[in-house]
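Visitor: Any chance you could fold what I've pasted below:
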Amino acid sequence: MPIFNDTKIAFADKSDAQLRKAYWMFRMIEQPSLTKIGTSVLNFTVHNNFPMVTGIVKNTLFEQFCGGETREESMKVVKQLFKRGVGSIFDYSIEGKEDEETFEAVCTEIKDIVKFSVGNPAIPFIVFKPTAFGRIDLYEAVGKNLELTSSQKEEWARVVRRFDEVCSLCHEHDKKVMVDAEETWMQDAADHLCEEMMEKYNREKPIVWNTIQMYRTGRLEYMEAHLQKAHEKGYFIGYKIVRGAYMEKERARAAEKGYADPIQPNKEATDKNYNAGIDFVMNHPDRVSAFFGTHNEISSELVMDKMKLKGLENDNPHIYFGQLYGMSDNITFYLSDKGYNATKYLPYGPVKDVVPYLTRRAQENTSVAGQTGRELGLIKKELERRKRSR
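Guide: As a prediction, the model looks like this:
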């Protein structure tokens with residue numbers, strides 16, 4: 001019997017009404033055509049200040065996938081999760097803005113999260129997206145070693161400063177910080193920046209963690225080369241290992257611009273690459289720490305099995321698991337119940353500003369084979385179990 005099927009553990013904190021609401025919502029997300037139309041309408045109505053629609057969003061998608069509109073409001077969820085041994089990772093989910101004022105404001109917000117979380121074991125990681133600190137086109141230009149104008153050089157210097165201010169503050173307060181991965185065409189510059197920050201702040205332990213998308217080709221080779229650098233320069237590596245979330249966008253751009261598709265040919269190849277990433281981490285426990293961000297039951301169990309084979313205790317401080325808030329509770333709470341380092345990514349922000357994140361989440365659920373169906377099946381199983389137990 002699959003180990004992640006205990007719905008009593010998974011939904012212990014959810015009322016029948018909450019489960020029925022979640023079931024209805026996932027049923028809506030399960031329909032690709034409905035999701036496509038719905039997300040377009042949702043973005044339009046919320047950004048044009050239709051108050052009734054904003055209220056509906058807050059009581060459905062937002063409630064399911066977000067902690068609250070502010071850190072303080074989200075603390076209710078943080079405390080509830082931590083009672084069950086699950087850490088929270090605040091994710092300030094403002095997307096789609098590319099101006100210096102916003103970049104500076106987000107950097108300040110991230111630094112405030114660091115200060116807010118000092119001394120609180122319920123918040124083990126800080127996280128930010130590279131494009132929250134600078135324009136994607138600038139990352140692309142830097143990654144391709146293009147000649148920058150004087151104004152672009154100044155702009156890039158501000159990006160580097162924002163990275164350094166956050167990483168320095170995390171180092172000062174002994175907080176781990178993860179840098180999310182994004183589109184392939186900007187990732188080289190982000191990788192190099194993360195390496196610089198690791199060399200500077202990971203001398204004693206992994207404070208700065210980069211994200212590796214295993215649906216990409218060449219990532220295992222990147223990790224091997226990076227490990228060699230880390231050995232030579234004397235610092236520790238932290239990786240968040242994920243599959244990835246931009247497959248259709250990546251394939252379309254590669255076809256349009258005529259370069260080799262950077263994505264693995266199929267799901268089987270991606271799964272194989274992810275498992276190879278697990279092996280890489282487990283083979284270098286003296287130098288590499290990992291956060292396995294996955295909603296895949298097989299991958300999660302494989303990490304557990306390999307930890308056991310290597311003689312690593314369940315709560316080994318160098319191995320973490322993470323799922324998105326509102327999804328895969330069957331994995332998260334099973335792991336926490338068994339004493340593993342389990343966490344939830346907990347997005348927050350004003351409803352209007354978080355809508356792009358929420359619509360992307362709905363679209364990703366629709367495109368990932370079986371994800372929504374699994375959620376529906378587990379909720380239905382738990383409701384039926386509760387009915388029988390009465």
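
Visitor: make it CA atoms for all contacts and neighbour counts henceforth
Guide: Fine.

Visitor: show me where the stretch 201-350 of the chain has strands.
Guide: Here the stretch 201-350 of the chain has its strands, by DSSP state E, counting those that start in this stretch, at 208-213, 237-242, 288-293, 319-324, 342-348.

Visitor: Show residues contacting the longest one.
Guide: Outside strand 342-348, the residues within contact range by C-alpha atoms under 8 Å, 6 or more residues apart in numbering are 65-71, 74, 85-93, 320-325, 332-333, 335-336, 354.

Visitor: and that strand, average pLDDT?
Guide: For strand 342-348, mean pLDDT is 95.

Visitor: I'd like the strands of the stretch 201-350 of the chain as CSV, with mean neighbour count appended.
Guide: Converted to CSV, the strands of the stretch 201-350 of the chain look like this (neighbours: other C-alpha atoms under 10 Å):
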stretch, mean neighbour count
strand 208-213, 26
strand 237-242, 23
strand 288-293, 23
strand 319-324, 23
strand 342-348, 25
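
Visitor: Out of the ones you listed, the one nearest residue 190 is which?
Guide: Proximity to residue 190, assessed across the strands of the stretch 201-350 of the chain by C-alpha to C-alpha, is greatest for strand 208-213 (8.7 Å).

Visitor: quick one: that closest one to chain centroid distance?
Guide: The chain centre lies 10 Å from the centre of strand 208-213; the measure is C-alpha atoms, centre = their mean, to the nearest Å.

Visitor: what lines up beside that strand in the sheet?
Guide: Its sheet considered, strand 208-213 pairs with strand 176-179 (parallel), strand 237-242 (parallel) by DSSP bridges.

Visitor: and of those, who's closest to residue 12?
Guide: strand 237-242 (27.1 Å).

Visitor: Please list the outside residues in contact with that closest one.
Guide: Residues outside strand 237-242 that contact it (C-alpha under 8 Å, 6+ apart): 178, 198, 202, 206-214, 227, 230, 274, 277, 287-294.

Visitor: next one: stretch 79-90
Guide: 71, 78, 113, 121-127, 332-333, 336-337, 339, 341-348.

Visitor: remind me which residues of the stretch 251-390 of the chain are low pLDDT?
Guide: Applying pLDDT under 70 to the stretch 251-390 of the chain flags residues 360-370.

Visitor: how does it look with 50?
Guide: By pLDDT under 50, the low-scoring segments of the stretch 251-390 of the chain are 366-367.

Visitor: show me the biggest helix of the chain in terms of residues.
Guide: Criterion DSSP state H: the longest helix present in the chain is helix 150-172.

Visitor: That one vs strand 208-213, what angle?
Guide: Interaxial angle, helix 150-172 versus strand 208-213 (axes from the mean of the first three to the mean of the last three C-alpha atoms, to 10 degrees): 110 degrees.

Visitor: What helices and strands are in contact with helix 150-172?
Guide: Here helix 150-172 touches helix 100-117, strand 176-179, helix 184-201, going by 3 or more C-alpha pairs under 8 Å, 6 or more residues apart in numbering; DSSP states H and E.

Visitor: Run the chain-centre distance for that helix.
Guide: 22 Å.

Visitor: just stretch 184-200 next, same as before
Guide: Using C-alpha atoms, centre = their mean, the offset of stretch 184-200 from its chain centre is 17 Å.

Visitor: Surely residue 329 and residue 11 touch.
Guide: Yes: at 7.0 Å, residue 329 counts as touching residue 11 under the criterion of C-alpha atoms under 8 Å.

Visitor: Show me which of these two is the more surrounded one.
Guide: The neighbour comparison of residue 329 against residue 11 (other C-alpha atoms under 10 Å) goes to residue 329, with 23 against 19.

Visitor: Now that one: closest residue in space, sequence neighbours ignored.
Guide: residue 10 (5.0 Å; C-alpha to C-alpha, 6 or more residues apart in numbering).

Visitor: Do you know the pLDDT at residue 5?
Guide: 93.

Visitor: Residue 24 versus the residue nearest to it when sequence neighbours are not counted, what's the distance?
Guide: Leaving aside its chain neighbours, residue 5 sits nearest to residue 330 (6.4 Å; criterion: C-alpha to C-alpha, 6+ apart). Residue 330 sits at a distance of 18 Å from residue 24 (criterion: C-alpha to C-alpha, to the nearest Å).

Visitor: So which of the contacts of strand 342-348 sit within helices?
Guide: Among the contacts of strand 342-348, the residues falling in helices (DSSP H) are 65, 71, 74, 332, 333, 335, 336, 354.

Visitor: where does the closest residue to the first one other than its chain neighbours sit relative to residue 258, distance-wise?
Guide: So that's residue 65. Distance criterion C-alpha to C-alpha, 6+ apart; nearest residue to residue 65, sequence neighbours excluded, is residue 326 at 4.8 Å. Distance, residue 326 to residue 258, using C-alpha to C-alpha: 38 Å.
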